[in-house]
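Enquirer: 3D model of this:
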Amino acid sequence: MTADQRPKLHGLDMLTEKGRAEWDAAGMQVSVLAESPYKKDFPLLAANPQLAFLDSAATAQRPTAVLDAQRSFYETMNANALRGLYKLSVQATEAIEAARAHVATFLGLSERDACDILYCRNTSEALNLVAYSFGSMVLKEGDEVCITVMEHHSNLIPWQQACARAGAKLVYLYPDEQGFISEDEMRAKIGPRTKIVAATHVSNVLGVCNDVALMAKIAHEHGAYMVVDAAQSVPHMPINIPELGCDFFAFSGHKAFGPFGIGVLWGRHDLLEAMPPFLTGGEMISSVTEQDAVWAPLPEKFEAGTQDAAGIFGLDAALTYIEEAGFEALQAREQALVNVCMHRLGELEFVRIIGPDDPAAHHGAISFNVCTVHPHDVASILDMDDVAIRAGHHCAQPLLAYLNVESCCRASLAFYNDSGDIDKLIRGLKHVYSMFHG
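Expert: Okay, here's the model as predicted:
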């Protein structure tokens, strides 16, 4: 692909009619966005009113309910789950199993599917589990694994390694100039040699939502399997796994307002049953002899060692917080914030936005660059003004290479942000530009 065929950097000067209409609607809501009713629920934000935290795509802040849940676990039921028959251990076991059932229903499944919910440390570990355990089971020389060029390294490097082990080929799906992967591109790349399709649900750089349901449909037409990296979608939209039609689905707790160190992998029951374990050791066995072992049933088969029970309890509280706030209200507020931020950035002649022109296509994440100023300098100077953004390649180097961008800035919003945070970002960017251009 030549340089002139690659997507360009877009500003708000090319806003679609739909995007402009949405901005106008958001503009009418500025007074509503002026103060966030949610910030008081997040201790770090409440204690630092001067801070504009715009890096939720990397990790979200935690509400008091999550912090209280973790503390409550350690104060009232601190014991090793699954291993003891005494009251504390039974309570700990019941707590993490109730959380497992809650995760299942949160993802549009039934409580009967809870045994297919596996606890991991994060999305990265979950995807490595699939690539290593499932990949080694189904891939052979000459097969193909299809992924998008916008994958986070966590859903790219495991497939590189899986293909290298099997002698398979890694095939890429490329987006159009607005960052979307067309059905034509999917059908051109997903074919009879494809065994696995793995894609991010929402890009951590472009903010676009990929049509993973269509990818899954095309993959299944060829007898392939669909793996979804949902690290960036679970915090922003309601999920219904049966509607997506995927075979594996992974996300991280810390991006969904939960604790660090807790991730979730859901997999089709028949596939998980057939897969060998990824990690071995305590609690993932049914029986052991000197020369052999029999694996425990799902989900324990994939949960070797002591789990972070307090973290799981905290994740349960995070999902409850989202449900009680309501996705409809959270999405409406977040989209209005994105609309305002995109418009304000578009008014700065020295800023170039990376990704779709339409604010509605940015699910929380807005990537951009300041002309002639390195992203690391932008982020460092903004930090002096108490504005926290991310700068670098965002663990998506192949995407940035495809876009002819070495690195970029990213402001990522959540429902706890307000228009004041955006004001601080805009003032900070003007400060950045003035420092380099007088």
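
Enquirer: residue 207 and residue 354 touch, don't they?
Expert: No - counting by CB atoms under 8 Å, residue 207 sits too far from residue 354 to count as a contact (9.5 Å). C-beta here means a position set from N, CA and C on the backbone, and glycine is covered the same way.

Enquirer: any common contacting residues for the two?
Expert: residue 367 (CB atoms under 8 Å, 6 or more residues apart in numbering).

Enquirer: check contacts around residue 95.
Expert: Taking CB under 8 Å, 6+ apart, one finds 73, 77, 81, 309, 312, 313, 316 in contact with residue 95.

Enquirer: lowest-confidence entry in these?
Expert: When the contacts of residue 95 are compared on pLDDT, residue 81 comes out least confident, at 87.

Enquirer: name the member of the contacts of residue 95 with the most neighbours.
Expert: Using other CB atoms under 10 Å as the neighbour criterion, residue 312 leads the contacts of residue 95 with 28 neighbours.

Enquirer: any idea how far that one is from residue 360?
Expert: From residue 312 across to residue 360, the span is 34 Å (CB to CB, to the nearest Å).

Enquirer: kindly report the same for residue 435.
Expert: 33 Å.

Enquirer: swap in residue 323?
Expert: 24 Å.

Enquirer: got it, and residue 153?
Expert: 27 Å.

Enquirer: residue 249 now?
Expert: From residue 249 over to residue 360 (counting by CB to CB), the distance is 24 Å.

Enquirer: more neighbours: which of these two?
Expert: residue 249 (28 against 16).

Enquirer: list the contacts of the more buried one.
Expert: Per CB under 8 Å, 6+ apart, neighbours of residue 249: 107, 227, 228, 230, 239, 241, 265, 266, 267.

Enquirer: swap in residue 247?
Expert: With CB under 8 Å, 6+ apart, residue 247 has these contacts: 216, 225, 226, 227, 267, 268, 271.

Enquirer: one more time with 6 Å
Expert: Counting by CB atoms under 6 Å, 6 or more residues apart in numbering, residue 247 touches 225, 226, 268.

Enquirer: out of those residues, who has the most neighbours?
Expert: residue 226 (25 neighbours).

Enquirer: surely that residue and residue 214 touch.
Expert: No - counting by CB atoms under 6 Å, residue 226 sits too far from residue 214 to count as a contact (10.2 Å).

Enquirer: so which bits of stretch 50-61 are buried?
Expert: Using 16 or more other CB atoms under 10 Å as the test for burial, stretch 50-61 gives 52, 53, 54, 55, 56, 57, 60, 61.

Enquirer: so how far is that stretch from its chain's centroid?
Expert: Relative to its parent chain, stretch 50-61 has a centroid offset of 14 Å by CA atoms, centre = their mean, to the nearest Å.

Enquirer: same check, this time on stretch 325-334
Expert: 17 Å.

Enquirer: contacts for that stretch next, please.
Expert: Contacts for stretch 325-334 (CB under 6 Å, 6+ apart): 238, 415.

Enquirer: repeat that for 10 Å
Expert: Under the contact criterion CB atoms under 10 Å, 6 or more residues apart in numbering, stretch 325-334 has outside partners 26, 29, 32-33, 36-38, 41, 56, 63, 235-239, 257, 322, 362-364, 413-418.

Enquirer: name the SS class of residue 357, please.
Expert: coil (DSSP: H, G, I helix; E, B strand; the rest coil).
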